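Chemist: structure, please.
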Amino acid sequence: MRIFSLKSLASISTLLTVTTMLALTAGTASAKSKSVAATGHGPATTHSLRGNVMGARQPVGLSTIELWEAGTTGPGTATRLASTTSTRAGNFIIASFACAHTASQLYITATGGDATTENIPNPHIALALMIGECNSLPSRVVINERTTAAASYTMAQFGEPVNPSLSANGIPGSTAYTGLNNAANLATKIVNPGTGTPGPFLTTSPNSPNLLNTIADILVSCVNSLSPFTTCTNLFAAVQPPAGVAAPVNTWEAAIDIARNPGANVASVYDFVNQLPSGVSAPFVPFLTTAPNDLTLALSYPIPRSRSLSGLSFDSADNAWVSDDTANAIFEMNPAGTLLSPAGGFTAGGILSGPRFVFHDSDSLWITSYSNNTVDAIDGAGNVVFSSPSFISPLTLAVPLGLATDSFNNVWVANSIDDHGVTIFNPASGFALITTDGNLLSTQFIAGDTTVSPNIMWVSSFTPTGRFPNNGLTRVVRVVNNGLPNGLPGDLTFSDVVLPTKFPDGPQGISVDNDGNVWTALASGPAVKISNAVPPTIALGPLFVGGLSSNNAALGVATDSNNNVWISTQDSIVELDTDGNALSPSTGFTAGGLYRGLGNGVAIDRGGNVWTVNNKAPRGLIEFVGAAGPVATPRVSGRPLAP
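Modeler: Below you'll find the model as predicted:
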């Protein structure tokens with residue numbers, strides 16, 4: 001989870017740097033409406049907006065309402081477009097405003113005010129609502145605790161220490177804004193900004209509004225509390241952000257901290273559902289009637305006609321591509337959970353047979369098919385742009401599994417059959433080779449660190465029990481790849497580390513972190529961190545924490561831009577920090593029972609969402625919303641670089 005926190009919302013006006021400000025109140029119907037230049041879009045269009053701010057079932061009167069445009073000039077920026085105050089009935093009008101970018105995302109904050117009958121302002125009230133893109137806005141909105149909960153999860157990775165400057169590393173319309181844009185659109189999908197109620201997607205099985213409603217009801221305990229607001233201070237103490245991060249001081253900050261740390265102090269945070277003010281029943285129903293395993297917000301995206309999902313990769317638009325090794329197909333899904341591939345997936349003209357692992361370079365999706373020993377590539381439309389039988393033959397691909405590309409335009413493929421090593425080929429130059437040097441025998445997974453020159457390729461190698469001289473040894477091999485002018489690797493140098501012999505089984509994926517170290521997990525359960533050294537050494541592990549156990553087989557590994565590691569297991573998702581400390585509970589994150597695993601695919605998108613394959617009904621993808629440090633996609637660098 002991110003370790004910075006959104007603080008000092010109550011003093012927003014004095015702390016936030018704004019680039020464009022239009023202070024417009026409900027009484028300024030005749031406010032200036034002159035055009036403001038919108039970068040790259042010509043004269044800006046003026047808009048108006050009506051709304052209501054609610055605390056549980058009570059209006060929040062005399063609350064400061066501020067309308068914001070996210071990330072207008074890049075990192076750490078948001079522009080306040082308008083400001084007003086809600087009436088005693090919680091109503092407000094913003095008569096006129098204009099955006100700097102027509103495609104930018106807008107959001108509203110409501111701070112302070114009174115949601116009770118005692119007429120004492122509650123300084124801890126801070127509610128939020130993601131509205132949508134400036135060129136497609138509702139005419140009326142509702143801000144409440146549920147919209148705040150939705151915004152806290154979807155936008156968890158886009159806040160700055162001075163609230164509420166939600167931003168990305170690029171301006172609206174840029175690639176770097178993609179993650180924020182998708183995250184904001186997801187917020188409006190799960191909660192309708194015009195009504196403040198769950199959208200149809202969240203109320204359609206297998207998804208449920210229960211977790212989101214529970215978080216909203218927890219916030220109600222503070223919003224509707226009476227002076228001296230002891231419930232608020234108790235809630236903020238219970239949230240427990242990471243060490244070194246100040247406790248929240250308002251409900252928006254508390255919601256963000258819960259979203260970023262969903263495995264922390266779950267029972268104590270949940271207990272605030274039972275601490276609603278006298279006479280105030282839980283307004284957001286249905287809610288969780290008992291404390292959950294964790295407080296992750298997870299969504300299920302079923303994939304019709306899928307049979308056995310395996311590898312997972314994201315393209316530059318943050319579309320997810322997942323292989324199905326039984327249906328012999330590739331499915332593509334956009335960030336909103338809509339399938340873009342045809343019914344039954346992309347079949348590459350029927351040439352796929354047992355497609356297992358997928359990897360995006362800047363142009364294509366590379367696919368290994370273990371049943372017919374091929375490597376193929378398709379473009380964004382599913383058209384075949386490379387097929388290995390006509391190219392690599394007579395060189396051997398032997399039950400290929402993992403693959404990656406290097407910065408010399410080579411494709412590296414792990415051959416899982418004994419003594420077949422790694423096949424390396426260059427699609428453009430037509431050169432290829434196979435190497436079994438450096439103890440590359442039965443190889444399984446490959447991760448390339450192309451942020452450094454020469455590249456460092458990491459390959460897992462496993463010798464089954466009964467094979468000598470390397471009987472039952474599992475290794476991770478560090479390969480220094482200098483490259484040659486013709487595109488083939490040259491001067492390859494090898495060094496390896498032998499994983500603990502008490503776990504003689506193959507690694508289930510490997511992933512490079514931002515320090516160039518490598519994480520892997522073994523099928524028998526533990527995680528291991530390997531240092532980027534010559535020779536590499538075991539820096540941490542074997543680790544049985546956060547849901548890792550000998551009874552819970554590890555399946556896949558991914559690292560995020562916060563330098564945390566995510567491991568999919570057969571029945572939960574595990575999160576560890578860079579020092580091997582568990583950030584998930586002892587049972588792992590279970591997505592409220594949605595996640596049932598049984599697939600290697602786990603990956604992180606530009607919005608900080610963790611995606612995994614799910615191979616029990618309903619088969620498809622599971623998204624853990626806003627849980628991780630965002631990662632630039634496609635992940636060609638190997639390291640989990642922030643977008």
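Chemist: show me the contacts for the closest residue to G90 other than its chain neighbours.
Modeler: Of all residues not flanking G90 in the chain, P59 sits nearest, at 2.8 Å (CB to CB, 6 or more residues apart in numbering). All C-beta atoms are positioned from the backbone trio N, CA, C, and that covers glycine. When contacts are counted by CB atoms under 8 Å, 6 or more residues apart in numbering, P59 touches N52, V53, S86, R88, A89, G90, N91, A115.
Chemist: isn't the last one up against N224?
Modeler: It stands for A115. Yes - using CB atoms under 8 Å, A115 makes contact with N224 at a distance of 5.3 Å.
Chemist: what is in contact with the two at once?
Modeler: By CB under 8 Å, 6+ apart, A115 and N224 have these common neighbours: G55, A56, Q58.
Chemist: top of these by neighbour count?
Modeler: G55 (30 neighbours; other CB atoms under 10 Å).
Chemist: can you pull the contacts of it?
Modeler: Applying CB under 8 Å, 6+ apart to G55 gives the contacts A115, I125, L127, N144, E145, V220, V223, N224.
Chemist: 10 Å instead?
Modeler: Contact analysis of G55 by CB atoms under 10 Å, 6 or more residues apart in numbering lists 61, 63, 90, 110, 113-116, 122, 125, 127, 143-145, 219-220, 222-225, 251, 280, 283.
Chemist: any idea how far P536 is from it?
Modeler: 55 Å (CB to CB, to the nearest Å).
Chemist: stretch 315-322: which residues count as buried?
Modeler: Residues of stretch 315-322 classed as buried by neighbour count (16 or more other CB atoms under 10 Å): D315, S316, D318, N319, A320, W321, V322.
Chemist: T296 contacts T587, correct?
Modeler: No - counting by CB atoms under 10 Å, T296 stays clear of T587, with 12.0 Å between them.
Chemist: give the residues shared as contacts by these two.
Modeler: The contact lists of T296 and T587 share G263, where a contact means CB under 10 Å, 6+ apart.
Chemist: more neighbours, those two?
Modeler: T296 (25 against 16).
Chemist: ok, and the closest non-adjacent residue to L598?
Modeler: In space, L598 is closest to N615, 3.9 Å off (CB to CB, 6+ apart).
Chemist: with V452 instead?
Modeler: G516 (6.9 Å).
Chemist: surely the one you found is in a helix?
Modeler: No - G516 sits outside any helix when classified using DSSP: H, G, I helix; E, B strand; the rest coil, being coil.
Chemist: wait, isn't it in contact with T450?
Modeler: No - G516 is beyond contact range of T450, at 11.1 Å (criterion: CB under 10 Å).
Chemist: shared neighbours of the two, anything?
Modeler: I456, G638, R639.
Chemist: any idea how far L433 is from the closest residue to L492 other than its chain neighbours?
Modeler: Closest residue in space to L492, ignoring its immediate chain neighbours: V479 at 5.7 Å, by CB to CB, 6+ apart. As judged by CB to CB, V479 and L433 stand 13 Å apart.
Chemist: just the helices from the protein, written as ranges.
Modeler: 12-15, 145-154, 178-190, 210-223, 230-239, 251-260, 266-270 (DSSP state H).
Chemist: most tightly surrounded among the ones you listed?
Modeler: helix 145-154 (a mean of 30; mean count of other CB atoms under 10 Å).
Chemist: and that helix, what other elements does it pack with?
Modeler: Where contact means 3 or more CB pairs under 10 Å, 6 or more residues apart in numbering; DSSP states H and E, helix 145-154 is packed against strand 46-55, strand 105-111, strand 126-133, helix 178-190, helix 210-223, helix 251-260.
Chemist: list the buried residues for stretch 474-482?
Modeler: For stretch 474-482, by 16+ other CB under 10 Å, it's T474, R475, V476, V477, R478, V479, V480, N481.
Chemist: which of these fall in strands?
Modeler: Counting by DSSP state E, the part of the buried residues of stretch 474-482 found in strands is T474, R475, V476, V477, R478, V479, V480, N481.
Chemist: ok, the third one touching N532?
Modeler: No - using CB under 10 Å, V476 makes no contact with N532, being 11.0 Å away.
Chemist: okay, and the common contacts of these two?
Modeler: If you check V476 and N532 against CB under 10 Å, 6+ apart, the residues they both contact are W458, V518.
Chemist: identify the bridge partners of the residue nearest to G90.
Modeler: M54 (DSSP bridges).
Chemist: could you count how many residues lie near the nearest residue to A237 once chain neighbours are set aside?
Modeler: Spatial nearest neighbour of A237, excluding adjacent residues (CB to CB, 6+ apart): A247 at 6.3 Å. A count of neighbours around A247, defined by other CB under 10 Å, yields 17.
Chemist: what of G132?
Modeler: G132: 19 neighbours (other CB under 10 Å).
Chemist: and for D577?
Modeler: Neighbours around D577, by other CB under 10 Å: 16.
Chemist: which residue, neighbours along the chain excluded, lies closest to it?
Modeler: Nearest non-adjacent residue to D577 (CB to CB, 6+ apart): N564, at 5.4 Å.
Chemist: so how far is R260 from that neighbour?
Modeler: Distance from N564 to R260, by CB to CB: 11 Å.
Chemist: again, but for G382
Modeler: 37 Å.
Chemist: same question, D496
Modeler: D496 is 37 Å from R260, by CB to CB.
Chemist: wait, A149 touches V223, no?
Modeler: No - between A149 and V223 there is no contact under CB under 10 Å: 11.9 Å.
Chemist: between these two, what contacts are shared?
Modeler: What both A149 and V223 touch, as defined by CB under 10 Å, 6+ apart, is the set L127, A216, T251.
Chemist: burial measure for the nearest residue to R619 once chain neighbours are set aside, as a count.
Modeler: Computed as CB to CB, 6+ apart, the closest residue to R619 that is not its neighbour in sequence is S306, at 4.9 Å. For S306, the count of nearby residues is 23 (other CB under 10 Å).
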